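Colleague: I would like the atomic coordinates for the input below:
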Amino acid sequence: MKNKKTIELRTEIPGPKSRELMERRKAAVPRGQYHATPIFARRAEGAVIEDVDGNRFLDFAGGIGCLNMGHRAPGVVAAAREQIDKFLHVCFSVTPYESYVAVAEKLNALAPGKFAKKTLLLNTGAEAVENAVKIARAYTKRPAVICFEDAFHGRTLMAMSLTSKTSYKAGFGPFASDVYRIPYAYAYRSAEGSTAESFARHLTDAFKRLVAAESVAAVIAEPVLGEGGFVVPPKEYFALLHEICRKHGILLIADEVQSGMGRTGKWFACEHFGLEPDLVVAAKSLGGGFPLAAVIGRAEIMDAPAAGGLGGTFTGHPVSCAAALATFEIIEKEGLLERSTAMGKRFEARAREWQRRWGLVGDVRGLGGMCAMELVRDAASREPAEEETKAIAKYCYEHGLIMMTAGTFGNVVRILAPLVMTEEEFDEGMDVLEEAVASVAGSKSAMLSHA
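Modeller: Next up, the predicted model:
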């Protein structure tokens, strides 16, 4: 017997209450705060969101990767309530508390590398990136940072300076100095025959063309590009990159804000590449739905800043720390690493079939539950299909599926579904996504035949 569908649409999308709230939002909130959908949430549970009009949606966005353990995971909610009953805020810099230390101990144990580590807790991914750069500069006594094309590291000054996509930066300059950018190992949009070695040479070339190696404090890289389109580099790439860094006394910072906490089928995406970075940045799902971020690194590097050089009023908030400890337990006890791997395989099997059927699907890629399709208007030219991608996203939310786009050219469909999603729920969401791709691909073919 066929399972009852999770998606329940009762009104037009967006419904009247969402439309009313959107008008209030336009009057009260600046336009710079973008929305992927025009739907206002009322409640959420597991992998399902209900809007203010009573419509239910499967969630393939997960709060942009913050809900690997699902919406309102019972263990997270219970831990947060228990902490609130004890104390809400005291500031770790004034009167420390055990849960901060416990989160740091757990992250030190989980992060790649068989060496002594220490962890600094913060509020957001951007804040963690800012502090990782501060720590790298304090340790190396060097000013420069090398980052990558198609990277996203946040919206604060240094993080935005490291971010590649110009739409996030327009009108906000000048940016931080001593930041240099090189191409990422993006095989689908690189010259045919490109290899891990040829991609790694961009770093050594930078020492001759952009900045002297002895001036570089750190190279910061996402093991899998996030906003840049879920690009997975060749497996040998990071070993070569790290070898170059070590040769010149440069630290390697892995930005695992989106790819960490089990999203790729391992605690950290670094593990897929055998990479043991000097510093790791984590956030998003770390807090189980509460704001929490971290910089984890070699103990001697983390101790470089003087006492008082790091911290903040709300960093490592006690409720967020309680939620994080519950999140670790959920990921381990519910086997979410294995479920992430299975989700990725399930996605790839379906998406590869779509790629064979429709030229619109140019590339299928990802690691575990961090998976994506890059859409193109022509298989040969690989012209980005940005408008078609927007149309697919719109079709999806109008038919009960919340999903997001990505990519420098806005032509990537990305999957960040909660890892607690059942196979039936995931398949139901994939059915909607298939209908969306078929609809847009069919419309595109019809337009071409009448051209």
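Colleague: ok, the helix or strand where residue 281 lies: who's next to it in the sheet?
Modeller: Taking DSSP states H and E as the definition, residue 281 sits inside strand 279-282. Partner strands for strand 279-282, per DSSP bridges, with pairing direction: strand 251-255 (parallel), strand 293-298 (antiparallel).
Colleague: From the contact counts, what lies against the longest helix seen in the chain?
Modeller: With DSSP state H setting the assignment, residue counts place helix 423-449 as the longest helix in the chain. Where contact means 3 or more C-beta pairs under 8 Å, 6 or more residues apart in numbering; DSSP states H and E, helix 423-449 is packed against strand 56-59, helix 336-357, helix 386-398, strand 401-402. For the C-beta atoms, the positions are set from N, CA and C on the backbone; glycine is no exception.
Colleague: what's the first one packed up against?
Modeller: Here strand 56-59 touches strand 48-51, strand 401-402, helix 423-449, going by 3+ C-beta pairs under 8 Å, 6+ apart.
Colleague: Return the most buried member of these.
Modeller: Most buried of these by mean neighbour count (mean count of other C-beta atoms under 10 Å) is strand 401-402; its value is a mean of 25.
Colleague: any residues touching that one, and which ones?
Modeller: Here strand 401-402 makes contact (C-beta atoms under 8 Å, 6 or more residues apart in numbering) with 7, 36-37, 39, 49, 57-61, 396, 429, 432-433, 436.
Colleague: Repeat the analysis, applying 6 Å as the threshold.
Modeller: Contacts made with strand 401-402 from outside it, assessed by C-beta atoms under 6 Å, 6 or more residues apart in numbering, are listed as 57, 58, 59, 61, 429, 432.
Colleague: just checking, next helix/strand downstream of it?
Modeller: Sequence-wise, the next helix or strand beyond strand 401-402 is strand 404-406, with elements assigned using DSSP H and E.
Colleague: Given that next one, what are its sheet partners and their directions?
Modeller: Within its sheet, and counting by DSSP bridges, strand 404-406 is paired with strand 412-415 (antiparallel).
Colleague: just the CA coordinates of the partner strand, formatted as PDB?
Modeller: Only the C-alpha atoms of strand 412-415 are listed here, as PDB (Å, rounded to 0.1, in the frame of the first residue of the first chain):
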ATOM      1  CA  VAL A 412      22.900  24.900  -9.200                       C
ATOM      2  CA  VAL A 413      20.100  23.000  -7.400                       C
ATOM      3  CA  ARG A 414      21.400  22.000  -4.000                       C
ATOM      4  CA  ILE A 415      20.100  19.500  -1.400                       C
END
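Colleague: tell me the mean pLDDT over it?
Modeller: Averaged over strand 412-415, pLDDT sits at 98.
Colleague: and it, how far from the chain's centre?
Modeller: Strand 412-415 has its average C-alpha position 11 Å from the chain's average C-alpha position, going by C-alpha atoms, centre = their mean, to the nearest Å.
Colleague: Please apply the same query to stretch 63-76.
Modeller: Here stretch 63-76 shows a centroid-to-chain-centroid distance of 14 Å under the convention C-alpha atoms, centre = their mean.
Colleague: do stretch 186-201 as well
Modeller: On the basis of C-alpha atoms, centre = their mean, stretch 186-201 sits 23 Å off its chain's mean C-alpha point.
Colleague: got the end-to-end distance for that stretch?
Modeller: Across stretch 186-201, the terminal residues are separated by 14 Å (C-alpha to C-alpha, to the nearest Å).
Colleague: residues of that stretch that come out buried?
Modeller: Within stretch 186-201, the residues that count as buried by 16 or more other C-beta atoms under 10 Å are 186, 187, 189, 196, 199, 200.
Colleague: what's near enough to touch the fifth one?
Modeller: Neighbouring residues of residue 199 by C-beta under 6 Å, 6+ apart: 185, 237.
Colleague: same question for the helix or strand that contains it, mean pLDDT?
Modeller: Here residue 199, judged by DSSP H and E, is contained in helix 196-209. Model confidence over helix 196-209 averages 98 on the pLDDT scale.
Colleague: Next secondary structure after it?
Modeller: Beyond helix 196-209 toward the C-terminal end (DSSP H and E), the next one is strand 216-221.
Colleague: Give the pairing partners of that next one; include direction for each.
Modeller: Paired strands of strand 216-221, with direction, are strand 144-148 (parallel), strand 251-255 (parallel) (DSSP bridges).
Colleague: quick one: contacts of the first one?
Modeller: Meaning strand 144-148. 133, 162, 178-181, 184, 211, 215-216, 218-221.
Colleague: That strand: what's the following helix or strand?
Modeller: Beyond strand 144-148 in the direction of the C-terminus, DSSP H and E gives the next helix or strand as helix 157-162.
Colleague: what's the helix or strand that that next one is followed by packed up against?
Modeller: Elements were assigned by DSSP H and E; along the chain past helix 157-162, the next helix or strand is strand 179-182. Contacts defined by 3 or more C-beta pairs under 6 Å, 6 or more residues apart in numbering; DSSP states H and E place strand 179-182 against strand 144-148.
Colleague: Figure out how far the strand it packs on is from the centre of its chain.
Modeller: Offset of strand 144-148 from its chain centre (C-alpha atoms, centre = their mean): 19 Å.
Colleague: got the angle for that strand vs helix 196-209?
Modeller: When axes from the mean of the first three to the mean of the last three C-alpha atoms, to 10 degrees is applied, the directions of strand 144-148 and helix 196-209 differ by 140 degrees.
Colleague: May I see the buried residues of strand 144-148?
Modeller: The neighbour-count check on strand 144-148 (16+ other C-beta under 10 Å) flags 144, 145, 146, 147, 148 as buried.
Colleague: and the fourth one, what are its bridge partners?
Modeller: Bridge pairing for residue 147 (DSSP bridges) gives the partners residue 181.
Colleague: and the gap between it and residue 253?
Modeller: As for residue 147, its distance to residue 253 is 9 Å (criterion: C-beta to C-beta, to the nearest Å).
Colleague: Overlap in contacts, the two.
Modeller: With C-beta under 6 Å, 6+ apart, residue 147 and residue 253 have common neighbours residue 220.
Colleague: I'd like the contacts of strand 401-402 as CSV, with pLDDT appended.
Modeller: Formatted as CSV, the entries for these read as follows, by pLDDT from 0 to 100:
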residue, pLDDT
57, 98
58, 98
59, 98
61, 98
429, 98
432, 98
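Colleague: wait, which of the residues you listed is closest to residue 152?
Modeller: residue 61 (15.7 Å; C-beta to C-beta).
Colleague: thought that closest one was touching residue 404?
Modeller: Yes. At 4.7 Å, residue 61 and residue 404 qualify as touching, with contact defined as C-beta atoms under 6 Å.
Colleague: Neighbour count for these two, which is higher?
Modeller: Neighbours were tallied for residue 61 and for residue 404 using other C-beta atoms under 10 Å; the higher tally belongs to residue 61 (24 against 19).
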